[in-house]
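Colleague: sequence-free structure coming up:
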């Protein structure tokens with residue numbers, strides 16, 4: 001906020017005058033007694049022969065009448081604004097003015113409409129999806145549904161392939177449109193190649209090959225520490241040939257036949273950990289998830305929620321993430337969506353597999369962008385995801401968040417997002433969000449649009465008993481009830 005001297009004491013027919021100053025030609029400060037806007041709104045400003053469009057990022061009440069609005073100038077038509085207080089005429093920006101700034105030219109990228117301007121859609125900037133994105137909202141905010149909206153828009157309007165690590169089976173119907181969807185939008189998505197891999201599917205099984213795993217990944221699956229378990233770990237390295245071109249079930253007799261104490265110890269470890277019972281994890285001669293991913297379908301959904309054990313989820317995730325990292329030099333663009341990210345990249349992991357998955361995601365967050373590997377991580381609270389990932393994100397979508405500490409943490413990480421806009425998240429309703437960062441033209445408060453595809457998971461409703469009195473009234477066909485007057 002600028003520190004100019006107080007404006008002169010002038011009055012007009014409408015009362016006290018309103019003044020504008022802009023110390024750098026980019027930000028603005030308006031002081032006066034016009035009808036105050038809300039944080040996030042856009043103002044139309046007429047001053048000194050210039051027409052300005054500004055977005056309010058902070059609002060301060062000086063007294064019962066006068067207030068100060070400050071923020072960023074979005075457009076300037078005419079001479080640049082003066083750095084000293086200048087009389088200004090203030091009015092709400094029109095739908096057309098704001099749409100020219102935030103909507104873009106491709107309707108397929110519209111993710112919702114501004115909360116304060118329901119006729120103005122917000123459009124994504126497709127070329128700016130090459131940045132990491134943090135997606136956050138407490139339980140019941142509509143976070144997963146809204147994430148589905150964005151994935152649909154990416155599928156409809158871009159050729160950016162998407163990989164979804166789906167621990168709760170929320171996106172397994174991303175290839176199925178709802179009957180109520182707009183027919184044109186349904187056709188846009190129907191033409192896209194969406195592969196949903198599930199553990200219990202015969203046609204599209206979700207499997208990885210143990211033999212394809214790196215030595216580090218194999219050791220994590222076997223819970224081997226290179227120092228504590230140095231004898232077995234070294235045996236794993238020396239016996240690498242025993243694991244090549246084989247189903248994991250076939251490895252066991254090979255290890256026993258080797259006859260060395262170390263090989264026998266590895267065989268015992270395989271049996272003791274029950275890894276041979278992971279029938280829906282290991283691929284024998286069937287297609288692996290990495291084979292599907294190498295084809296780069298428009299979207300590949302890995303239904304990790306179909307596994308009974310978290311270690312099985314982690315093993316599959318590690319196999320896929322390691323495969324992508326090993327081939328990063330190919331520089332093939334891919335958006336990696338990690339839903340319920342606290343399952344795969346928490347601040348503290350409890351098992352070697354958990355540590356391996358988390359560390360790989362942290363590495364992708366730190367170095368993957370230049371190779372075309374971009375993350376979109378979604379969770380309920382920022383503190384539930386490793387800070388090495390959250391701090392690497394340039395884009396933010398925030399839905400309802402009532403925790404003051406969480407909002408303060410987000411404000412400290414996403415310094416480019418106006419704090420007063422972040423605070424409004426505490427009052428968001430279902431489906432409302434703050435969207436900010438490089439992938440939108442301006443930080444915006446929006447109500448997300450409806451989905452075109454089916455939502456995989458949903459809340460379980462509370463079983464209710466019918467009130468006999470209500471049933472009796474409904475059967476009596478009371479005229480007021482039938483007309484909707486009595487509810």
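Modeller: Looks like it came in fine. As the structure is a prediction and not an experimental result, all values here were calculated from the model.
Colleague: quick one, helices of the stretch 101-250 of the chain?
Modeller: Ranges of helices in the stretch 101-250 of the chain, per DSSP state H, counting those that start in this stretch, are 143-157, 183-190, 215-221, 230-238, 248-258.
Colleague: quick one, what contacts the closest residue to residue 142 other than its chain neighbours?
Modeller: Spatially, and ignoring its direct neighbours in sequence, residue 142 is nearest to residue 431 (4.4 Å; C-beta to C-beta, 6 or more residues apart in numbering). Every residue, glycine included, has its C-beta placed from N, CA and C. Residue 431 sits next to 142, 145, 146, 399, 447, 448 when contact means C-beta atoms under 8 Å, 6 or more residues apart in numbering.
Colleague: test my guess that the fourth one contacts residue 137.
Modeller: Looking back up the chat, that one is residue 399. Yes - using C-beta atoms under 8 Å, residue 399 is in contact with residue 137, at 2.9 Å.
Colleague: now, which of the contacts of residue 431 sits nearest residue 329?
Modeller: Residue 329 lies nearest to residue 146 out of the contacts of residue 431, by C-beta to C-beta, at 34.3 Å.
Colleague: and the closest one, what does it touch?
Modeller: 111, 137, 397, 399, 431, 433, 448.
Colleague: which of the residues you listed lies closest to residue 416?
Modeller: residue 397 (14.1 Å).
Colleague: so how far is the first residue of stretch 80-100 from its last?
Modeller: One end of stretch 80-100 sits 20 Å from the other (C-alpha to C-alpha, to the nearest Å).
Colleague: may I see the buried residues of it?
Modeller: Judged by neighbour count using 16 or more other C-beta atoms under 10 Å, the buried positions of stretch 80-100 are 81, 82, 85, 87, 88, 90, 92, 93, 97, 98, 99, 100.
Colleague: centroid-nearest residue for the chain?
Modeller: residue 135 (3.4 Å; C-alpha atoms, centre = their mean).
Colleague: mind checking how far it is from residue 395?
Modeller: 9 Å (C-beta to C-beta, to the nearest Å).
Colleague: pLDDT weak spots in the stretch 151-300 of the chain?
Modeller: Scanning the stretch 151-300 of the chain for pLDDT under 70 picks out the ranges 241-246, 285.
Colleague: tally of neighbours for the residue nearest to residue 18 when sequence neighbours are not counted?
Modeller: Nearest residue to residue 18, sequence neighbours excluded (C-beta to C-beta, 6+ apart): residue 32, at 2.7 Å. Neighbours of residue 32 under the rule other C-beta atoms under 10 Å: 23.
Colleague: circling back to that earlier point, farthest-separated two in the buried residues of stretch 80-100?
Modeller: 85 and 99 (30.7 Å).
Colleague: overlap in contacts of residue 399 and residue 137?
Modeller: 143, 146, 433.
Colleague: out of those residues, which one sits closest to residue 265?
Modeller: Distances from residue 265 to those, taken by C-beta to C-beta, are shortest for residue 143, at 45.7 Å.
Colleague: shouldn't that closest one be in contact with residue 381?
Modeller: No - Residue 143 is beyond contact range of residue 381, at 11.0 Å (criterion: C-beta under 8 Å).
Colleague: so these two - more neighbours on which side?
Modeller: A count of neighbours by other C-beta under 10 Å puts residue 143 above the other of residue 143 and residue 381, at 27 against 17.
Colleague: what's the separation between that one and residue 320?
Modeller: 23 Å.
Colleague: returning to that earlier point: from the contacts of residue 431, which two are the most distant?
Modeller: 145 and 447, at 12.0 Å, using C-beta to C-beta across the contacts of residue 431.
Colleague: for the residue lying closest to residue 213 once chain neighbours are set aside, give me phi and psi.
Modeller: Leaving aside its chain neighbours, residue 213 sits nearest to residue 319 (5.8 Å; criterion: C-beta to C-beta, 6+ apart). Main-chain torsions, residue 319, degrees, to the nearest 10: phi -60, psi -40.
Colleague: tell me the pLDDT of residue 319.
Modeller: Looking at residue 319, its pLDDT stands at 96.
Colleague: for it, give me its contacts.
Modeller: 208, 209, 212, 213, 217, 289, 290.
Colleague: distance check, the residue lying farthest from the centre of the chain against residue 24.
Modeller: Most distant from the centre of the chain: residue 259, at 51.0 Å, with distances by C-alpha atoms, centre = their mean. From residue 259 over to residue 24 the distance is 77 Å, taken as C-beta to C-beta.
Colleague: same question for residue 129.
Modeller: 30 Å.
Colleague: more neighbours, those two?
Modeller: Taking neighbours as other C-beta under 10 Å, residue 129 and residue 24 compare with residue 129 leading, 21 against 11.
Colleague: so what pLDDT did the more buried one get?
Modeller: Looking at residue 129, the pLDDT reads 96.
Colleague: ok, it - contacts?
Modeller: With C-beta under 8 Å, 6+ apart, residue 129 has these contacts: 154, 158, 160, 335, 374, 439.
Colleague: repeat that with 10 Å
Modeller: Residue 129 makes contact with 109, 150, 154, 158, 160, 162, 333, 335, 374, 376, 395, 438-439, according to C-beta atoms under 10 Å, 6 or more residues apart in numbering.
Colleague: can you turn the buried part of those into a PyMOL selection?
Modeller: Of the contacts of residue 129, the buried ones can be selected in PyMOL as follows, counting by 16+ other C-beta under 10 Å:
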select buried, resi 109+150+154+158+160+162+335+374+376+395+439
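Colleague: domain assignment for the chain?
Modeller: 11-93, 108-206+286-448, 224-272 (automatic domain parsing).
Colleague: pick the most deeply packed of these.
Modeller: Sort these by mean neighbour count, taking mean count of other C-beta atoms under 10 Å, and domain 108-206+286-448 sits at the top with a mean of 19.
Colleague: ends of it, what's the gap?
Modeller: End-to-end distance for domain 108-206+286-448, by C-alpha to C-alpha: 14 Å.
Colleague: what's the answer for stretch 338-348, then?
Modeller: Start-to-end, stretch 338-348 (C-alpha to C-alpha) is 17 Å.
Colleague: what's near enough to touch residue 258?
Modeller: Counted by C-beta under 10 Å, 6+ apart, residue 258 has contacts 235, 238, 239, 242, 264, 266, 267.
Colleague: give the contact list for the residue nearest to the third one when sequence neighbours are not counted.
Modeller: Translated: residue 239. Leaving aside its chain neighbours, residue 239 sits nearest to residue 263 (6.0 Å; criterion: C-beta to C-beta, 6+ apart). For residue 263, the contacting residues are 232, 235, 236, 238, 239, 242, 254, 255, 256, 257, by C-beta under 10 Å, 6+ apart.
Colleague: determine how far the last residue of stretch 68-87 lies from the first.
Modeller: End-to-end for stretch 68-87, by C-alpha to C-alpha: 14 Å.
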